[in-house]
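> I'd like to go over a predicted model; first the sequence, then the structure.
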Amino acid sequence: MDPDDSTIPLDNTISETVEYQGRAYQQYALSNGTYFAPIDEVIKALTNFQQPTLINSPIQGEIARLELANRVFHRVFDNRLIFPPVASPRNILDLGCGGGDWAVQVSEQYPDASVLGIDISPHMLPEDAPDNLELQIDDLNGRYDVPIPRDMEQAEWSFFGARFTFRSDRYDVVHSQMVAGGIHANRWRSYIRDIFRVLRPGGWCQMVEIYFNAQSDNGTLTRAGEDHALSRWSSHYLQAMHPYKDPRAPLQLASWMRSAGFRDVESRLLTLPMYARDRIIGEENNGNIHELLYSIALYPLTHFKGMPLKDFEELVDDARTEASDPSFKVCVHRPKASSVK
Ligand SMILES: C[S@@+](CC[C@H](N)C(=O)[O-])C[C@H]1O[C@@H](n2cnc3c(N)ncnc32)[C@H](O)[C@@H]1O
């Protein structure tokens, strides 16, 4: 089925937000256990904690952090948006498109292509999308039932109700980046099989995920070194997410792709330096990591694990100090994989 066939307006269920410790979250995502990171443009109410300032920008929320993360990726990927050898893609699907950074850039780079960006949250989607970029609301886990529209006039974004009902054999490229925080632990294999189904024969899937296990390349931060705040942050985060999501999924993408039927699977594990080994990447990623240490872990650690906010903020503060310490040379790994159908 073509997404255009049966879009229906967005209802309030998906638009509602809730404030938690000064950050805005999508109510639907929290109450359905879908996604636990904020969706804010600005951080509304600050706690006593000193929020970081992103590089060259005033204090901003998750949208700005994702933009910064995408800038870092762009540099690490040698300014390439699509890694596989796809000359002139006609149909491109971006799953969990967030602030639309990749989707907008790819739409501009391939003006003749039709690009569809999907996200569970309408809150971060770009307001001025290029004409060849369509944005829709859908749950990649498929738990969002078709809502009964309450007010057709108020709908801002269309919602395509049933899950992954995109036409089979349609897309030249399917892109899925940093969605591990939103894919249910037991959904990964069927998620990748769904991607396989909607790709046209010869089409490519490109996945990028961050494995949040801080490691150093000179042994100053080791898994055994639980005294280090970054190690403690990593292990708290992995534990807190574990029952719901699979924080180790990034390490298994290639094998799941092969099981789904993909061939020519190429998987690379890249380290993302937290400090300025490469000056620009290091500086920008340092800003990204500073923000991310707080934003993605706030809800899982304080709500799921019951860590008092004060302890959480101390942990983040110490972890940020370590992430900025050049003697630590800390890296997070960023596996990327691409494969052809
Ligand atoms: C960390 S952001 C990454 C955004 C974008 N892919 C990027 O690389 O900048 C994760 C995005 O996935 C979306 N997301 C998480 N779980 C989802 C789900 N089950 N269905 C649809 N979107 C989801 C979130 O709303 C968020 O926008």
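Structure's in. What do you need? Residues are numbered from 1 along each chain as shown.

> who's in contact with the residue in the chain that the ligand sits nearest to?
Minimum separation of the chain from the ligand (C-beta to the nearest ligand atom) falls at residue 182, amounting to 1.8 Å. Bear in mind the C-beta positions are built from the backbone N, C-alpha and C, glycine included. Going by C-beta atoms under 8 Å, 6 or more residues apart in numbering, residue 182 touches 29, 34-35, 96, 120, 140-141, 245.

> 7 Å instead?
34-35, 96, 120, 140 (C-beta atoms under 7 Å, 6 or more residues apart in numbering).

> Downstream of the helix or strand where residue 283 lies, the next helix or strand is which one?
Per DSSP states H and E, residue 283 falls inside helix 279-295. Counting by DSSP H and E, the next helix or strand C-terminal to helix 279-295 is helix 298-299.

> hmm, back to that, the ligand next: which of the contacts of residue 182 are close?
34-35, 96, 120, 140 (C-beta under 6 Å from any ligand atom).

> Excluding chain neighbours, what is closest to residue 244?
residue 33 (5.5 Å; C-beta to C-beta, 6 or more residues apart in numbering).

> neighbours of the one you found, just the number please.
14 (other C-beta atoms under 10 Å).

> Would you mind naming what in the protein lies close to the ligand?
Residues of the chain lying near the ligand (C-beta under 6 Å from any ligand atom): 34-35, 66, 70, 96-99, 101-102, 119-121, 124, 139-141, 177-179, 182.

> any weak-confidence spans in the stretch 151-300 of the chain?
By pLDDT under 70, the low-scoring segments of the stretch 151-300 of the chain are 151-163, 214-226, 273-279.

> now do 90
Counting by pLDDT under 90, the stretch 151-300 of the chain shows low-confidence ranges at 151-168, 184-187, 190, 210-228, 230-231, 234, 242-243, 247-248, 250, 268-291.

> that older thread, now tabulate the contacts of residue 182 in JSON lines and tack on secondary structure, pLDDT and neighbour count.
Formatted as JSON lines, the contacts of residue 182 follow (DSSP: H, G, I helix; E, B strand; the rest coil; pLDDT from 0 to 100; neighbours: other C-beta atoms under 10 Å):
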{"residue": "34", "secondary structure": "coil", "pLDDT": "91", "neighbour count": "22"}
{"residue": "35", "secondary structure": "coil", "pLDDT": "95", "neighbour count": "27"}
{"residue": "96", "secondary structure": "coil", "pLDDT": "97", "neighbour count": "21"}
{"residue": "120", "secondary structure": "coil", "pLDDT": "93", "neighbour count": "23"}
{"residue": "140", "secondary structure": "coil", "pLDDT": "90", "neighbour count": "24"}
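
> by contact count, what packs against the helix or strand encompassing residue 192?
Assigned by DSSP H and E, residue 192 belongs to helix 188-198. Counting contacts by 3 or more C-beta pairs under 7 Å, 6 or more residues apart in numbering; DSSP states H and E, helix 188-198 is packed against strand 171-177, helix 253-260.

> Now with 10 Å, please.
Where contact means 3 or more C-beta pairs under 10 Å, 6 or more residues apart in numbering; DSSP states H and E, helix 188-198 is packed against strand 91-95, strand 171-177, strand 199-208, helix 253-260, strand 330-340.

> mind checking the end-to-end distance for stretch 68-86?
This stretch, stretch 68-86, spans 26 Å end to end (C-alpha to C-alpha, to the nearest Å).

> My error: substitute stretch 89-106 in the last question.
In stretch 89-106, first residue to last residue: 10 Å (C-alpha to C-alpha).

> chain center to it, what's the gap?
Counting by C-alpha atoms, centre = their mean, to the nearest Å, stretch 89-106 is centred 12 Å from the centre of its parent chain.
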